[in-house]
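In: I need the structure of the sequence given here:
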Amino acid sequence: MSQKSFTTAEHQRLADNLPNKVPLEQWGPYLSERQWGTVREDYGPYGDAWNYFPYDHAHCRAYVWGEDGIAGITDIFQNLCFAVTLWNRKDPILKERLFGLGNNEGNHGEDVKELYYYLDNVPTHYYMEYLYKYPQKEFPYEDIKNENRNRSKNDPEYEILDTGIFDNNEYFDVTITYAKQDSQDIFIKINIHNRYTKSAGITVLPTLWFYNRLSNQRLAEKPIIADYNKTTVKASHQRLGDYYLYFQKTRATFYTDNVTNTQKVSGIPNKTPFVKDAFHEAIIRKKNVKSLRKSTSGTKFAPIYDLTIEGGKSKTIYLRLSNKELENGFEEGFENIFTSRKAEADDFYNAILPKDISPELKNIQRQALAGMLWSKQFYHYDVERWLTTSDGITPVNDGKLYGRNHDWKHLKNQNVILMPDKWEYPWYAAWDLAFHCIPMAIMDPGFAKDQLLLVMREWYMKPDGQLPAYEWHFSDVNPPVQAWAALQVYRIEKSATGIGDINFLKRIFQKLIINFTWWINRKDASGNNIFQGGFLGLDNIGVFNRSIEMPGNHRLEQADGTSWMGMYALNMMDMALEIAVVDPAFEDTSTKFFEHFVLIAEALNEHGLWSDDDKFFYDILSTPSGNQIQLRIQSIVGLTTLFAVSIIKKEVRDKLTDFKKRIKWFESYRVRNERFWPNEEEDNGDKILLSMVPKQRLISILGRLLNEEEFLSPGGIRALSKFHEKNPFGVNIDNVEYSIQYDPGDSTSDFFGGNSNWRGPVWIPINYIIIQSIRKYGEFYGDDLLIEYPTGSGNSLNLKQVADELAKRVISLFEKDEEQKRSIYGKYNWFYQRPENEHLMLFYEYFHGDKGNGLGASHQTGWTSLVAQLISELHENED
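Out: Numbering: from 1, shown residues only. So this is what the prediction gives:
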C-alpha cells in the first residue's frame, strides 16, 4: 500500500500535536454540559446522585469535580472555563446551563429539554460552531416537570417542542463560534438572531471562571480574575499562567466567586455576597448590584450586554481569550479569522470525506463528526479521595465508604475523554468509548488511539484486569469490544495514510491480554467456555435483569457473553497475526488465540445454546436440578454470534510457517476425533474463513435478520424481533413469572434507570458491527452464497450487497425523504422543515423500531456518529 499524505492546515496542526504526550490541543470544548446529578458530586450515604445534587442547586452550589456550561470551552485540565450565559428578561434564573429532568423526574428517566446543535468543529478546535435556541417567553420549567411527572412509562416523553413555546418562532438563535489565532489565543463570536417578527430584549453574559479546585484540596493558591483595563481582565492561575479576556465596551462588568451560596443550599448565612449565583440575583432581582459592579476581582467574571434586537435581525458580540498581553485585543480586520478558519475546516473535511456524495450526505457526515468532537470532556474523579473526604455539606459516612465504587480506590481519572453525550451521559463508558474511537479515527487517529490506550492504563484498569464500566457502577461488565475497536482504528488509519501503526497494536495488545485473562478467570463459571457477564451493556434485553444473582442457585449461561468472547479471541488472533508479520515474537500468541477461539466456538454450537426448532441461538438458564431452559427470546443476544468472523489469507499463512503448521495439526486432530471445527477454506486455498457460525446456521440466522416481520426495520436491524409483538415470551422461575415482548419505542421497564430500551428499537453501534460482519462473510463467499433480501421478496443478493443495503437503511434515518422530512424527527418535522432549521441534525441514542424517530439521549454523537463511517464505507464500495 502506497503512503498517502494530507496537506491541509488542520492536518499540519494535527501532525504538530502528535509528539505531545497526549495528542490534544490545550484548549477545546472540554466543558461538560451537566455536572449536577453525577456520581462524582454525590457525597450522600444512599447513592442517590440525582436527589443529592439536583438541577435547582446547580446555579448556587459549587461543584467539586468539574464544571458545566453552554457551548463552553476550557483548558486541558479545566482550570479556566468560558461559556455563554443568557437571560430573556422573563426567566426566574439565568440560562447558565442546559435544563433537563433528573432520572426520577422523567417518565423515561433523565432527559435534556433544550434545543441545541453542534454545527461544526475540527480536531484541533481551531474552528468550532454551536447553535442554541433560546425562547423569548418564560422558559417552561414547571410545565415540563409537571407534565412529565404526570405521564406513565407507556406515554411518550413531553419535549420542549410539545410545550408550544417555539410554535410562532418567538425565540433567539444564539450561535457561538470559536476561531483560534493559535493554540492559546481564541477569538469568540456570539451572534444573536431574533427569529420573531417583533423586537425582543436579551441580556448576554459571556462568562469566564475558574474551576473551584480548592473545594477538593487540589490547589494551594486561589486563582484570580482581575481588572486590567476597561475592556480587559487578567486571569492568573498558578498552573495555567496568565490569560486575558478582551471584550467590547459594555454598560457594566460583574465579579463574584465560584463558591456555594450556603444560605440557599443549607441555611447557613453567607459570609460574603460574592457567591456562585450572585449574577442571577443581581441581574434578575437587582440584589447587590453595586457590590458586584464595584468589585475589581473574583474567580468568576462577566461583561453585561443588554441588547434589543429587531424582528428578523441579528446583533454580534466579540471577545478574545488569549495568553498574549495586548494593547488592543481587536486589531483591524480581526473578523477575518472566522472566515479563514472556516475555510480551513472546509479543506479538512473535503480531504477526508468522500468527494462524490450529495450535499445532504456531506451535511450528515460533517455534523456527526462535529458532534463527536464537541463530545470531548474533561473528566475528573479520584475515587479514593471522593470516598474519604467531604464536600463541605455532608460528612464522610459509611454509606459512601462502603457503597458504590468503594473497591475502585486505584481509579484516579483526570483526562479529556470522549463522552457518550455531555448532558445525558457526562461520564465515559468502556464500550461506548470503543465505538467513539472509530469515527474519531476518520478525523484524528492519533487521539482515537490515545483514548483506547487510556482506558487500559493503570489508573483506569483494575489490577486484576477488569476495565471500568461507568461511574454508576464501575464493576458492571460491558462487552469486550476494545480489541475489535483497536483493529478498526488501525485499519482506518492504514487505509487513509498507507501506514499501519504496529507500535500501537503492540501497546494495546499487551494490555488486552490482561483483560482477556480477567474474562477467562471471572466470567466462565463452569470452565466450559460458556461465558456470563450480566447485562453486557444491553440494559433491558433480557426477560429479567441479567446482572442480578439468580434466585435459588439458577445460573445464566449467555449466548452473547460467549459470542463476545469468541469475537475477542478472534480479534486478538488477528492483531497478533498483523504484528507477527513484522515481529515473529507474536506468532505463538496468534496460535494461542486461534485455538481458544475454536474452543469457544465449539461451546457455543454444541452446549445447548442453538435451537434446531427455531434455528437461533439463545441464553440458557441452568436450574439447581441440572435442567437447562432455553430462554427463547429472538434478540441481539442471538445475533452477536455473527460478530466473530475473520479471514486469514494465504500470503499471511505462508509468512508464518509455525502458525500454519499448528493450525493444520489442530484441524487434523479435531477432525480425526470428530470434534467441532469452525473453518471453511476456499477450494484454491487462498482464504480460510473463521466463524462462530457454520454456514447453514448462518443462512438460517440471516433469514430471520433480513425478515421485515422480524428483525429488519426500515431504519436497520431491531434489537428485539418484531415476532415478539404477537408472541411475548414468558418464563416461570421459582413461582415468579417473567415476560418480555416487542417494545419499539421508549422503555416501559425500570431496568438500569429506564432511560434506554433494547426491546425493539434500532441501535447504530450494533447495526454497525452486524454490517461489518456480513460484509466480511461476503468477502469470503462472494457470489457463491446468495441470500434473499428482504426475506420472502424473491430478490437474491450476495452478502456484500446485503451489507450495503443494510447500511443504506441506517443512513436513511437521517436523510430527507420526498416530503423533505427526516425519520429521526418524527412528529417534530414541522419544526425542522422551516428554512432556518432544515439543515440541523441530531444524533439520538436509539431509534423507533417501526417509525425510525429518534429516542433516548438526543446528542449521542458518540456511537451514533458511526453513521459517518457507514456513509464513507458505502461510497467506497459503490466506487
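In: where does the protein dip in pLDDT?
Out: 1-4, 214-219, 525, 533-540, 543-552, 750-755, 879 (pLDDT under 70).
In: can we see that at 80?
Out: 1-5, 21, 214-220, 522-527, 531-556, 625-626, 683-684, 734-736, 747-756, 877-879 (pLDDT under 80).
In: So which residue is dead centre in it?
Out: Of all residues in the chain, the one closest to the mean position by Cα atoms, centre = their mean is residue 420, 2.0 Å from it.
In: Would you check how far apart that one and residue 117 are?
Out: Going from residue 420 to residue 117 by Cβ to Cβ, to the nearest Å gives 17 Å. Using the backbone N, CA and C atoms, a C-beta is placed for each residue, glycine as well.
In: One more: residue 344?
Out: 21 Å.
In: do the same with residue 283
Out: Going from residue 283 to residue 117 by Cβ to Cβ gives 26 Å.
In: In terms of helices and strands, where is residue 830?
Out: Element membership for residue 830, per DSSP states H and E: helix 829-832.
In: Quick check: what element follows that helix along the chain?
Out: Next in sequence after helix 829-832, counting helices and strands by DSSP H and E, comes strand 846-847.
In: Just want to know which of residue 344 and residue 117 has more residues nearby.
Out: Taking neighbours as other Cβ atoms under 10 Å, residue 344 and residue 117 compare with residue 117 leading, 23 against 20.
In: Quick check, the more buried one in contact with residue 840.
Out: Yes: Residue 117 is within contact range of residue 840, at 5.1 Å (criterion: Cβ atoms under 8 Å).
In: list residues touching both of those two?
Out: By Cβ atoms under 8 Å, 6 or more residues apart in numbering, residue 117 and residue 840 have these common neighbours: 131, 367.
In: so how far is residue 461 from the residue nearest to residue 427 when sequence neighbours are not counted?
Out: On the basis of Cβ to Cβ, 6 or more residues apart in numbering, the spatially nearest residue to residue 427 that is not a chain neighbour turns out to be residue 471, at 4.5 Å. According to Cβ to Cβ, residue 471 and residue 461 sit 15 Å apart.
In: Can you give me the distance of the residue nearest to residue 427 to residue 47?
Out: 11 Å.
In: do the same with residue 409
Out: The gap separating residue 409 from residue 47 is 17 Å, by Cβ to Cβ.
In: got it, and residue 453?
Out: Taking Cβ to Cβ, one finds residue 453 at 31 Å from residue 47.
In: so where do the helices sit in the stretch 501-650 of the chain?
Out: Along the stretch 501-650 of the chain, counting by DSSP state H, counting those that start in this stretch, helices occupy 502-522, 559-580, 587-606, 636-639, 650-655.
In: And the residue of the chain most remote from its centre, how close does it get to residue 385?
Out: The outermost residue of the chain relative to its centre, with distances by Cα atoms, centre = their mean, is residue 672 at 48.0 Å. Applying Cβ to Cβ, the value for residue 672 to residue 385 is 60 Å.
In: try residue 337
Out: Using Cβ to Cβ, residue 337 is found at 41 Å from residue 385.
In: what's the answer for residue 601, then?
Out: Distance, residue 601 to residue 385, using Cβ to Cβ: 45 Å.
In: So for the two, which residue has more residues nearby?
Out: Using other Cβ under 10 Å as the criterion, residue 601 and residue 385 rank with residue 601 on top: 27 against 15.
In: right, and the more buried one touches residue 675 too?
Out: No: counting by Cβ under 8 Å, residue 601 stays clear of residue 675, with 11.0 Å between them.
In: give the contact list for the nearest residue to residue 345 once chain neighbours are set aside.
Out: Leaving aside its sequence neighbours, residue 345 sits nearest to residue 127 (Cβ to Cβ, 6+ apart; 4.5 Å). Contacts for residue 127 (Cβ under 8 Å, 6+ apart) come out as 120, 121, 177, 178, 179, 180, 338, 341, 342, 344, 345.
In: Which one of these is nearest to residue 576?
Out: Residue 576 lies nearest to residue 121 out of those, by Cβ to Cβ, at 36.1 Å.
In: neighbour-wise, which of residue 471 and residue 47 wins?
Out: Under the neighbour definition other Cβ under 10 Å, residue 471 and residue 47 were set side by side, and residue 471 has more, 24 against 15.
In: And what about that one, helix, strand or coil?
Out: coil (DSSP: H, G, I helix; E, B strand; the rest coil).
In: In contact with residue 31, which residues?
Out: 67, 68, 69, 72, 73, 74, 78, 81, 83, 377, 378.
In: Leaving out sequence neighbours, find the closest residue to it.
Out: Closest residue in space to residue 31, ignoring its immediate chain neighbours: residue 72 at 3.3 Å, by Cβ to Cβ, 6+ apart.
In: What is the neighbour count of the residue lying closest to residue 637 once chain neighbours are set aside?
Out: Leaving aside its sequence neighbours, residue 637 sits nearest to residue 560 (Cβ to Cβ, 6+ apart; 4.4 Å). By other Cβ under 10 Å, 27 other residues sit near residue 560.
In: Same check on the one 5 residues further on?
Out: Under the neighbour criterion other Cβ under 10 Å, residue 565 is assigned a count of 28.
In: swap in residue 861?
Out: For residue 861, the tally of surrounding residues (other Cβ under 10 Å) stands at 32.
In: do residue 274 as well
Out: Residue neighbour count, defined by other Cβ under 10 Å, stands at 21 for residue 274.
In: do residue 59 as well
Out: Residue 59, neighbours per other Cβ under 10 Å, totals 18.
In: if we can go back for a sec, quick one: closest of the helices of the stretch 501-650 of the chain to residue 143.
Out: Each of the helices of the stretch 501-650 of the chain has some distance to residue 143 by Cβ to Cβ; the shortest is helix 636-639, at 37.0 Å.
In: which residues touch the closest one?
Out: 538, 541-542, 558-560, 616-619, 701, 705, 711, 717, 719-720, 758, 763, 766, 770.
In: buried residues in that helix?
Out: 636, 637, 638, 639 (16 or more other Cβ atoms under 10 Å).
In: Turn those into CSV, columns for distance to residue 735.
Out: Putting the buried residues of helix 636-639 into CSV (distance: Cβ to Cβ, whole Å) gives the following:
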residue, distance to residue 735
636, 29
637, 25
638, 28
639, 32
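In: and of those residues, the nearest to residue 844?
Out: Out of the buried residues of helix 636-639, the member with the shortest distance to residue 844 (by Cβ to Cβ) is residue 636, at 17.9 Å.
In: Excluding chain neighbours, what is closest to residue 13?
Out: Leaving aside its sequence neighbours, residue 13 sits nearest to residue 124 (Cβ to Cβ, 6+ apart; 4.5 Å).
In: Quick check: the gap between the one you found and residue 443.
Out: Residue 124 is 10 Å from residue 443, by Cβ to Cβ.
In: One more: residue 113?
Out: When distance is defined by Cβ to Cβ, residue 113 is 30 Å away from residue 443.
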